[in-house]
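**Student:** predicted model and sequence below, questions to follow.
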Amino acid sequence: MLQIAFIRENQEKVIKALAKRNIDAKSVVEEVVQLDENRRATQVELDNTLSESNKLSKDIGELMKAGEKSKAAILKEKTVSLKEKSKELGEKAEALATELTHKLYTLPNLPADIVPEGKTPDDNLNVFEEGAIPVLHEGAQPHWELVKKYDIIDFELGVKITGAGFPVYKGKGARLQRALINYFLDKNTAAGYNEVQVPHLVNEASGYGTGQLPDKEGQMYHSTIDDLYLIPTAEVPVTNLFRDVLLTEAELPVLYTAYTPCFRREAGSYGAHVRGLNRLHQFDKVEIVRVEHPDKSYEALDGMVEHVKDILNELKLPYRVLRLCGGDMGFTSALTYDFEVFSTAQDRWLEISSVSNFETFQANRLKLRFKDKDGKNQLAHTLNGSSLALPRVLAGILENYQTPEGIVIPEVLRPYCGFDIIN
């Protein structure tokens, strides 16, 4: 959530920055500023009323001590009206504060200066590319055919049990999935990230804390009886570990990693581009989350990008890194890099990771602060990245490593799998 003080003092800058997201925010910004002015004016009137009421109470006490009961009675009548007025002002101030908060929830984060202009994924900037695209044998197949051939993932069984987008992993498919999870966690912990296991359901406050609510409410599975949400990413519970937390500057940075299943309704997703593992309602992902000093968060973001590169280099998958344009960035992000692997069998790029800096956007919602060297409380910066999302990584491995004899396992994964080939 954007800070109201910043909006109030930088209205034109906010409007111009959100225009990079292709949002005309002028009317909303003006409304937010007006609401804030009304709230502050009401609060001043309330404070003055309470101060006057307190002064009268003190005067009444003095008059009673002096035996001037008739004068005290007159002042008591006045305090009754002041108490009624203060009650009304308090309710008005609270209502204005609530309305202001709800309006602020509708404004996305401001893009960083280096975010490119653009409206669609076609406008994203390719900043890095690595790995030769393999030449496959004649008759090479996309992963949804390969998993049937080798009986390692069953999409139909998932439909029977739950519905479309909930696959069943079998045999070497299940072992390869588990190998990837363990490999990713080992890489992350070796890089200094502390592993945590977190709940897969979160409350509403957690959803608001990281910005999934209200923006992505339609994409989240909601357990209405208990008013809990299935997590769309480990980012939500892991980052919320720091909700309402005051850190010391010496405790920064904080680095966490977690494996969780993720649940997304993906309403409206259909067509060939979402076939097989390309788009699921339940999928596994290993996440990295950082809480950083504001002066060091972009250096940390660069480090996260290099970390994901290292993993993909070890997997020997052809990949590229995109700096997302304003129109393609997530609601909470100030700057995002997307990683995509090339699927040779599908002849297309598949997104497998997003690495983002949210600056103070999430921290403001979370009330995540640190005490600086001068003893002042400051909002921290939060960052997160997929390290990695499994379905499309697995699809890339199955398709790019296929041979006429079977699917060769990447060398770095063989100690985790216990086998060299799926055949």
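**Tutor:** All right, it came through fine.
**Student:** now the strands for the stretch 201-350 of the chain?
**Tutor:** 201-203, 222-223, 228-230, 246-248, 254-263, 282-292, 319-323, 335-343, 348-357 (DSSP state E, counting those that start in this stretch).
**Student:** for Glu99, find the nearest of these.
**Tutor:** For Glu99, the closest of the strands of the stretch 201-350 of the chain is strand 201-203, at 22.9 Å, according to C-beta to C-beta. C-beta here means a position set from N, CA and C on the backbone, and glycine is covered the same way.
**Student:** neighbouring contacts of the closest one?
**Tutor:** Strand 201-203 is contacted by residues 223, 226-231, 236-237, 240 when judged by C-beta atoms under 8 Å, 6 or more residues apart in numbering.
**Student:** residues touching Lys371, list them.
**Tutor:** By C-beta under 8 Å, 6+ apart, the residues touching Lys371 are 246-249, 377-378.
**Student:** hmm, 6 Å instead?
**Tutor:** Contacts for Lys371 (C-beta atoms under 6 Å, 6 or more residues apart in numbering) come out as 248, 377.
**Student:** gap between it and Lys58?
**Tutor:** 37 Å (C-beta to C-beta, to the nearest Å).
**Student:** what is the neighbour count of the nearest residue to Thr239 once chain neighbours are set aside?
**Tutor:** What sits nearest to Thr239 in space, not counting adjacent residues and going by C-beta to C-beta, 6 or more residues apart in numbering, is Thr210, at 5.0 Å. By the measure other C-beta atoms under 10 Å, the count of residues near Thr210 is 28.
**Student:** kindly report the same for Leu394.
**Tutor:** The burial count for Leu394: 25, using other C-beta under 10 Å.
**Student:** local confidence estimate at the closest residue to Leu228 other than its chain neighbours?
**Tutor:** Closest residue to Leu228 apart from its sequence neighbours, by C-beta to C-beta, 6+ apart: Leu201 at 4.4 Å. On the pLDDT scale, Leu201 is placed at 98.
**Student:** what of Asp123?
**Tutor:** 97.
**Student:** these two touch, right, it and Cys325?
**Tutor:** Yes. Using C-beta atoms under 6 Å, Asp123 is in contact with Cys325, at 4.2 Å.
**Student:** between these two, who's got more neighbours?
**Tutor:** Using other C-beta under 10 Å, the more surrounded residue of Asp123 and Cys325 is Cys325, with 23 against 14.
**Student:** toward the C-terminus, what is the element adjacent to whichever helix in the chain runs longest?
**Tutor:** The longest helix of the chain (DSSP state H) is helix 26-65. Sequence order places helix 69-105 as the next helix or strand after helix 26-65, per DSSP states H and E.
**Student:** okay, the angle between that following helix and helix 26-65?
**Tutor:** Relative orientation of helix 69-105 versus helix 26-65 (axes from the mean of the first three to the mean of the last three C-alpha atoms, to 10 degrees): 160 degrees.
**Student:** for helix 69-105, packing partners?
**Tutor:** In terms of contacts (3 or more C-beta pairs under 6 Å, 6 or more residues apart in numbering; DSSP states H and E), helix 69-105 is packed against helix 26-65.
**Student:** same thing but at 10 Å, please
**Tutor:** Here helix 69-105 touches helix 4-9, helix 26-65, helix 361-366, going by 3 or more C-beta pairs under 10 Å, 6 or more residues apart in numbering; DSSP states H and E.
**Student:** between the ones you listed, which one is closest to Ile133.
**Tutor:** With C-beta to C-beta as the measure, helix 361-366 is the member of the helices and strands packed on helix 69-105 nearest Ile133 (36.7 Å).
**Student:** coming back round to it: out of the helices and strands packed on helix 69-105, which is closest to Val159?
**Tutor:** helix 361-366 (36.0 Å).
**Student:** then the closest one to CSV, C-alphas only?
**Tutor:** The C-alpha coordinates for helix 361-366 follow below in CSV (Å, rounded to 0.1, in the frame of the first residue of the first chain):
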residue,chain,number,x,y,z
PHE,A,361,4.5,-1.5,-0.5
GLN,A,362,3.9,-4.7,1.4
ALA,A,363,5.8,-3.5,4.5
ASN,A,364,3.3,-0.6,4.8
ARG,A,365,0.4,-3.0,4.9
LEU,A,366,2.2,-5.4,7.2
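**Student:** can you count the residues close to Asp227?
**Tutor:** Neighbour count of Asp227, defined by other C-beta under 10 Å: 9.
**Student:** using CSV, write down the CA coordinates of the one helix or strand Val127 maps to.
**Tutor:** Assigned by DSSP H and E, Val127 belongs to strand 125-130. Extracted in CSV, the C-alpha atoms of strand 125-130 (Å, rounded to 0.1, in the frame of the first residue of the first chain):
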residue,chain,number,x,y,z
LEU,A,125,12.6,-6.2,-22.2
ASN,A,126,14.9,-9.2,-22.8
VAL,A,127,17.9,-8.5,-20.6
PHE,A,128,19.7,-11.8,-20.6
GLU,A,129,19.6,-15.1,-22.4
GLU,A,130,21.6,-18.3,-21.8
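**Student:** I'd like the distance from it to the chain centre, please.
**Tutor:** Offset of strand 125-130 from its chain centre (C-alpha atoms, centre = their mean, to the nearest Å): 23 Å.
**Student:** which strands and helices sit next to that strand?
**Tutor:** helix 297-315, strand 319-323, strand 335-343.
**Student:** which one of the contacts of strand 201-203 is nearest Ile74?
**Tutor:** Nearest to Ile74 among those is Asp227, at 51.5 Å by C-beta to C-beta.
**Student:** that closest one contacts Ser206, correct?
**Tutor:** No. Using C-beta atoms under 10 Å, Asp227 is not in contact with Ser206; the gap is 11.6 Å.
**Student:** that older thread, overlap of the contact sets of Asp123 and Cys325?
**Tutor:** Counting by C-beta atoms under 10 Å, 6 or more residues apart in numbering, the shared contacts of Asp123 and Cys325 are 116-117.
**Student:** any weak-confidence spans in the chain?
**Tutor:** For the chain, the stretches with pLDDT under 70 are 267-273.
**Student:** 90 - rerun?
**Tutor:** Residue ranges of the chain with pLDDT under 90: 52-83, 215-217, 266-275, 344-345.
**Student:** gap between the residue nearest the centre of it and Glu77?
**Tutor:** In the chain, the residue lying closest to the centroid (C-alpha atoms, centre = their mean) is Thr210, at 5.2 Å. Distance from Thr210 to Glu77, counting by C-beta to C-beta: 52 Å.
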